[in-house]
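*Asks:* starting from these lines, generate the structure:
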Amino acid sequence: MAARKKTARRKKTARKKPARKKKAGRRKAARKKAARKKKAGRRKAARKKPARRKKTARKKTARKKKAGRRKAARKKPARRKKTARKKKAAGRKAAGKKAPAAKKAAGKKAAAPAAARAAAKPSAELQLVRAASAGSAPAASAGVSASAPAATPRPSGLAGATPQRIGIVTHYYPHVDACVVRIDSGELRVGDTLHIRGHTTDFYQRVERIELEHQSVSAARPGQSVGVHVSQRVREHDTVYRLTS
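*Replies:* Presented below is the predicted three-dimensional model:
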């Protein structure tokens, strides 16, 4: 009995061994195939990567070239504009240099005749004073031009008063009938009589109030700009005289 059992066991083990060997062989073959596939995949990936890199590098160079061309196209018009501007600026500078020189020459030529005329003819204010003292029409007796405004009669009691230039009109405010007078010389007080004269202005005005920085003052001195109420319209650069007895 014991011998039969041993033989049966040997047969079973002999049958199992080939099956085990087959299974092991299959596993090894599967592993080898997997390893080969992995190697093949790696090789393919290694071959494809350089190709992609080359393509991307070519695309980058093409993009850079396009960007450079665009920049060059943008810069060219700007350079042309700058040159045109420089030419215009140079022309203006040359014209500006020539104009003052021409003005100076013309001023020098006209200065001598003007000085001679001023010395030969008395001032318009002196002509008006002489005409008023003589009792005749100011424009006809003094020889004032027709374009000058007709002088208004002087107030009573100031026929022999002499005019003294104290300043000029710098601003006029029609809504309040007031003007700003810049005092250059002399002194202006409340109660003085002013003679405001210009191209289209010629009238006498009694000073009722003087304002300095929105505050009423009794007198104004040289260098100050004060506000004075006026009865007629005045204009900038009109000359202001004060009548003194």
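*Asks:* residues in contact with residue 218?
*Replies:* Neighbouring residues of residue 218 by CB atoms under 8 Å, 6 or more residues apart in numbering: 189, 190, 210. All C-beta spots, glycine's among them, are computed from the backbone N, C-alpha and C.
*Asks:* quick one: the helices in the chain, in order.
*Replies:* Here the chain has its helices, by DSSP state H, at 2-120, 124-134, 138-142.
*Asks:* where among those is average confidence lowest?
*Replies:* Note on those: helix 138-142 shows the lowest mean pLDDT, a mean of 36.
*Asks:* for the longest strand anywhere in the chain, name the packing helices and strands.
*Replies:* For the chain, the strand with the greatest residue count under DSSP state E is strand 162-173. Packing partners of strand 162-173 (3 or more CB pairs under 8 Å, 6 or more residues apart in numbering; DSSP states H and E): helix 124-134, strand 178-183, strand 239-244.
*Asks:* direction included, what does that strand pair against?
*Replies:* Paired neighbours of strand 162-173 in the sheet (DSSP bridges): strand 178-183 (antiparallel), strand 239-244 (antiparallel).
*Asks:* please point out which parts of it sit buried.
*Replies:* 163, 164, 165, 166, 167, 168, 169, 172 (16 or more other CB atoms under 10 Å).
*Asks:* again with stretch 173-187
*Replies:* Across stretch 173-187, burial judged by 16+ other CB under 10 Å covers 178, 179, 180, 181, 182, 183, 186.
*Asks:* and of the residues you listed, the nearest to residue 221?
*Replies:* residue 183 (6.4 Å; CB to CB).
*Asks:* need the contact list for that closest one.
*Replies:* 166, 167, 220, 221, 222, 223, 224, 225, 226.
*Asks:* and it, what pLDDT?
*Replies:* Per-residue confidence at residue 183 stands at 95 (pLDDT).
*Asks:* can I get the buried residues of stretch 173-187 in a markdown table including distance to residue 239?
*Replies:* What follows is those, written out as a markdown table (distance: CB to CB, whole Å):
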| residue | distance to residue 239 |
| --- | --- |
| 178 | 18 |
| 179 | 12 |
| 180 | 14 |
| 181 | 10 |
| 182 | 11 |
| 183 | 13 |
| 186 | 13 |
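*Asks:* what's the neighbour count on residue 206?
*Replies:* Residue 206 has 12 neighbouring residues, counting by other CB atoms under 10 Å.
*Asks:* returning to what we had before: now the contacts of residue 183 in TSV, with pLDDT?
*Replies:* TSV is the format used below for these (pLDDT from 0 to 100):
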residue	pLDDT
166	95
167	95
220	94
221	93
222	93
223	93
224	94
225	94
226	95
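*Asks:* which of those count as buried?
*Replies:* Burial by neighbour count, 16+ other CB under 10 Å: within those this picks out 166, 167, 220, 224, 226.
*Asks:* what's across from the last one in the sheet?
*Replies:* Which is residue 226. Beta bridges link residue 226 to residue 181, judged by DSSP bridges.
*Asks:* that one touches residue 212, doesn't it?
*Replies:* Yes. Contact status for residue 226 versus residue 212: in contact at 5.1 Å, counting by CB atoms under 8 Å.
*Asks:* intersection of neighbour lists for those two?
*Replies:* By CB under 8 Å, 6+ apart, the residues touching both residue 226 and residue 212 are residue 220.
*Asks:* domains of the chain?
*Replies:* 53-121, 160-244 (automatic domain parsing).
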